[in-house]
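1. What would the 3D arrangement of this be:
(one chain, ligands or ions: 1)
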Amino acid sequence: MAASEAAQLMANLLRLINGTKAIEIGMYTGYNALSMALAMPSNGRVVACEIEQTYFDIAKPFFQEAGVEQKIEVRIQEAVRTLDELVQAGEAGTFDFVFIDADKINYDTYYEKSLELIRTKGVIVIDNVLWSGKVLNPAEDDVSSKALDALNKKLHKDERVDLSMLTVADGLTIAIKR
Ligand SMILES: C[S@@+](CC[C@H](N)C(=O)[O-])C[C@H]1O[C@@H](n2cnc3c(N)ncnc32)[C@H](O)[C@@H]1O
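-> Predicted coordinates:
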C-alpha cells in the first residue's frame with residue numbers, strides 16, 4: 001500500500017496538472033485509488049488494475065461511502081491485459097497520470113505501456129524503487145530487486161522523461177513524459 005505521504009503527494013500532483021484520467025497498476029484494497037479519485041473533479045476516471053477479486057470486494061464499500069464509486073473503474077485481471085485493452089480501445093496518449101505499484105518483475109513492462117498511454121507532460125509515479133535498500137546489492141535469486149535495479153538504471157538514462165527519484169517511504173520515482 002502506498003505510504004500516506006506518497007498518496008498525499010500523488011493527489012496533489014493530480015490537482016496540479018488538473019488530471020482527469022488516471023491508471024493505478026495494483027489497486028489492493030483501494031487506498032490510493034480512492035485518494036486519487038477524491039482529488040479529481042466529478043468527470044475524473046481512475047482505471048484500477050487488480051488481479052484479486054477479494055481486494056475489490058473490500059474496497060467497494062469504501063468507494064461507495066466516499067461517493068466516488070462512479071469514478072473508479074476496476075478491472076480484475078492481469079494488469080498487462082488491461083493496459084493492452086486500453087491501447088486497443090484507442091486511449092494511447094490520453095491519460096494524465098499512472099501509478100505503478102503491482103508485481104515488481106513486470107515494472108518495466110508497466111512503465112513502457114504507461115508511457116504509451118499517457119499524454120505529453122503526463123506523469124508516471126513508480127513505488128518501491130528503493131525496495132528497502134535491496135536494489136543496491138540484489139541477491140542472485142532476488143528477481144524483484146534485480147528488476148527494480150534494472151529499471152532504476154534504465155530510467156536514469158531515459159531521454160523520453162524528466163525524472164525525480166524521491167527517498168519518500170520505500171522510494172518513489174516521478175517520471176514526466178517529454
Ligand atoms: C502493493 S499492492 C497495491 C497497493 C495500492 N496501490 C495502494 O496504494 O493502496 C500491489 C497489488 O498489486 C496486485 N497485483 C500483483 N500482480 C498483479 C498483476 N499481474 N496484475 C494486476 N494486479 C496485480 C496485488 O494483488 C496487490 O493487490
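2. count of neighbours near whichever residue of the chain sits closest to the ligand?
-> Closest to the ligand within the chain is Gly26: 2.9 Å, counting by CB to the nearest ligand atom. (Each C-beta comes from the backbone N, C-alpha and C, glycine too.) By the criterion of other CB atoms under 10 Å, Gly26 has 23 neighbours.
3. Name the nearest residue to it, sequence neighbours excluded.
-> Distances taken as CB to CB, 6 or more residues apart in numbering put Ala102 closest to Gly26, at 3.1 Å, once the chain neighbours are dropped.
4. Where do the helices of this structure begin and end?
-> 4-16, 31-39, 53-65, 79-88, 107-117, 143-156 (DSSP state H).
5. now the angle from the fifth one to helix 79-88?
-> Spelled out, that is helix 107-117. Put simply, helix 107-117 runs at 20 degrees to helix 79-88, going by axes from the mean of the first three to the mean of the last three CA atoms, to 10 degrees.
6. got it, and the second one?
-> Using the same axes, to 10 degrees, the direction of helix 31-39 lies 30 degrees away from that of helix 79-88.
7. Quick one: work out the angle between helix 31-39 and helix 4-16.
-> Put simply, helix 31-39 runs at 30 degrees to helix 4-16, going by the same axes, to 10 degrees.
8. how distant is the longest strand belonging to the chain from the center of its chain?
-> Counting by DSSP state E, the longest strand found in the chain is strand 118-127. For strand 118-127, the gap between its own C-alpha mean and the chain's C-alpha mean amounts to 9 Å (CA atoms, centre = their mean, to the nearest Å).
9. what about that strand and the ligand, any contact?
-> No. Figure legend: strand 118-127 not in contact with the ligand (CB under 6 Å from any ligand atom); closest approach 7.0 Å.
10. Tell me which other helices or strands that strand touches.
-> Judged by 3 or more CB pairs under 8 Å, 6 or more residues apart in numbering; DSSP states H and E, the packing partners of strand 118-127 are helix 4-16, strand 95-100, helix 107-117, strand 172-177.
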